[in-house]
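Participant: Dropping the sequence and predicted coords here.
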Amino acid sequence: MDDAIPSISTAGVGSRFVSQSELETAKAKRDEQWKAAYARLGQEPPPQPADDVFDGRSLAEKLAANKRDLRQPRGLTGNQFRALEEDEVLFLDSVLEKQREEERLRKQMDGEELKNFRE
């Protein structure tokens, strides 16, 4: 491992302090190692994510904004449903009639079987 990483076992707080310049050199070294690894693979390294920008809002304000964003529809129209066309209505009516007829026949057969059982 790298000797620049401070150890927890050292006694004083001052010995565990890491300056900004040390952080920047460690980051530059890590970036260089990543670029070298991608170069060995023959690939272009992915773009580095931008550093997080400080947002002065409180956590409650951030959560409220997220909730507000989730409630708003994304690219959807107000009414996603359309009226059924005439042929669709006729088809659904025929399916409903078939189901009702099957149910009526089943009840009739059950009634006959029950009648024969009781005799």
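Facilitator: Perfect, thanks for sending it. Numbers count the residues shown, from 1 in each chain.
Participant: quick one, phi/psi of Asp52?
Facilitator: Phi and psi for Asp52, reported as degrees, to the nearest 10, are phi -60, psi 130.
Participant: Retrieve the pLDDT associated with it.
Facilitator: On pLDDT, Asp52 comes in at 70.
Participant: How many residues are close by it?
Facilitator: If you count neighbours by other C-beta atoms under 10 Å, Asp52 ends up with 6. Placement of C-beta: from N, CA and C, glycine included.
Participant: same question, the one 3 residues further on
Facilitator: Residues contacting Asp55 under the criterion other C-beta under 10 Å number 8.
Participant: any idea how far it lies from Arg71?
Facilitator: 21 Å (C-beta to C-beta, to the nearest Å).
Participant: cool, and Asp52?
Facilitator: On the measure of C-beta to C-beta, Asp52 and Arg71 end up 25 Å apart.
Participant: Likewise for Glu103?
Facilitator: 43 Å.
Participant: Looking at these two, which one has more neighbours?
Facilitator: The residue with more neighbours, out of Glu103 and Arg71, is Glu103; 10 against 7, by other C-beta under 10 Å.
Participant: could you say which helix or strand contains that one?
Facilitator: helix 86-118 (DSSP states H and E).
Participant: Same check on Asp55?
Facilitator: Judged by DSSP H and E, Asp55 forms part of no helix or strand.
Participant: Ramachandran coordinates for it?
Facilitator: phi -110, psi 110.
Participant: Identify the residue nearest it in space, chain neighbours excluded?
Facilitator: Spatially, and ignoring its direct neighbours in sequence, Asp55 is nearest to Lys62 (7.0 Å; C-beta to C-beta, 6 or more residues apart in numbering).
Participant: okay, now the one you found: neighbour count?
Facilitator: 11.
Participant: Repeat that for Glu22.
Facilitator: That count, for Glu22 with other C-beta under 10 Å as the rule, works out to 13.
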